[in-house]
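Visitor: This is the structure alone, sequence omitted:
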């Protein structure tokens with residue numbers, strides 16, 4: 001069965017983007033080790049979930065090609081968007097819990113990547129449909145911005161399954177929610 005995984009990079013102070021949705025702070029941390037981590041994770045992904053702001057940011061910053069070709073993407077939105085040419089994108093509205101079975105079925109034996117933003121991932125967490133968080137903390141503080149996981153209520157204590165340093169002084173940590181078996 002598919003795990004619902006929030007795979008992301010954050011600043012030291014827990015932000016995923018600046019107030020104006022810039023990721024320039026993150027783009028300076030490009031390294032072969034970080035790129036390998038992303039490639040390894042992507043091989044485990046059967047479907048992707050994102051919110052409207054993340055979809056819009058990707059469209060504004062792409063080079064004319066959809067970066068997730070071949071992987072079904074679900075965009076939770078109240079806006080009218082069109083899918084990029086050749087992309088498998090489904091636009092949905094409604095409570096995330098209604099779509100969990102379909103997302104898991106589409107991912108098959110792979111994971112559902114809850115790409116973000118933080119608001120949509122928080123909805124999955126509140127619905128009990130977040131199994132793992134793989135967070136790469138990069139050594140920069142932003143002071144303000146888009147929060148990693150703006151929850152209405154706190155999570156239970158998560159288990160730290162693994163941690164390691166990756167290129168540029170970043171630290172990757174994998175957490176699982178209670179009753180979620182850790183990968184060996």
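Guide: Received, thanks. Given the structure is predicted, the values throughout are model-derived calculations rather than measurements.

Visitor: Just give me the residue right at the centre of the chain.
Guide: Nearest to the mean C-alpha position of the chain, counting by C-alpha atoms, centre = their mean, stands residue 115 at 2.3 Å.

Visitor: State the distance from that one to residue 9.
Guide: Separation of residue 115 from residue 9 (C-beta to C-beta, to the nearest Å): 11 Å. (Glycine included, C-beta is placed from N, CA and C.)

Visitor: Next: residue 64.
Guide: 24 Å.

Visitor: more neighbours, those two?
Guide: Legend: neighbour count by other C-beta atoms under 10 Å for residue 64 and residue 9, higher for residue 9 (21 against 6).

Visitor: In three-state terms, how would the more buried one be classified?
Guide: Using DSSP: H, G, I helix; E, B strand; the rest coil, the structure places residue 9 in strand.

Visitor: Identify the bridge partners of it.
Guide: residue 136 (DSSP bridges).

Visitor: That one reaches residue 27, doesn't it?
Guide: No - counting by C-beta atoms under 8 Å, residue 9 stays clear of residue 27, with 10.2 Å between them.

Visitor: With adjacent residues omitted, what lies nearest to residue 32?
Guide: residue 167 (6.6 Å; C-beta to C-beta, 6 or more residues apart in numbering).

Visitor: so where's the chain uncertain?
Guide: Applying pLDDT under 70 to the chain picks out residues 180-184.

Visitor: For the protein, which segments are assigned as strands?
Guide: Using DSSP state E, the strands of the chain run over 4-10, 15-17, 45-51, 73-76, 89-92, 111-116, 132-137, 146-147, 159-166, 170-176.

Visitor: contacting residues for the residue nearest to the centre of the chain?
Guide: Counting by C-beta atoms under 8 Å, 6 or more residues apart in numbering, residue 115 touches 7, 8, 48, 49, 50, 54.

Visitor: With residue 39 as the reference, measure out to it.
Guide: Per C-beta to C-beta, residue 115 is found 16 Å from residue 39.

Visitor: With residue 131 instead?
Guide: Distance of residue 131 to residue 39, given as C-beta to C-beta: 21 Å.

Visitor: Settle it for me: which of these two has more neighbours?
Guide: The neighbour comparison of residue 131 against residue 39 (other C-beta under 10 Å) goes to residue 131, with 22 against 9.

Visitor: got the contact list for that one?
Guide: By C-beta under 8 Å, 6+ apart, residue 131 lies in contact with 3, 4, 5, 176, 177, 180.

Visitor: Please render those as CSV that adds neighbour count to the earlier fields.
Guide: Listed next are those as CSV, based on neighbours: other C-beta atoms under 10 Å:
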residue, neighbour count
3, 19
4, 26
5, 22
176, 21
177, 19
180, 16
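
Visitor: Closest one of these to residue 80?
Guide: Nearest to residue 80 among the contacts of residue 131, counting by C-beta to C-beta, is residue 4 at 26.6 Å.
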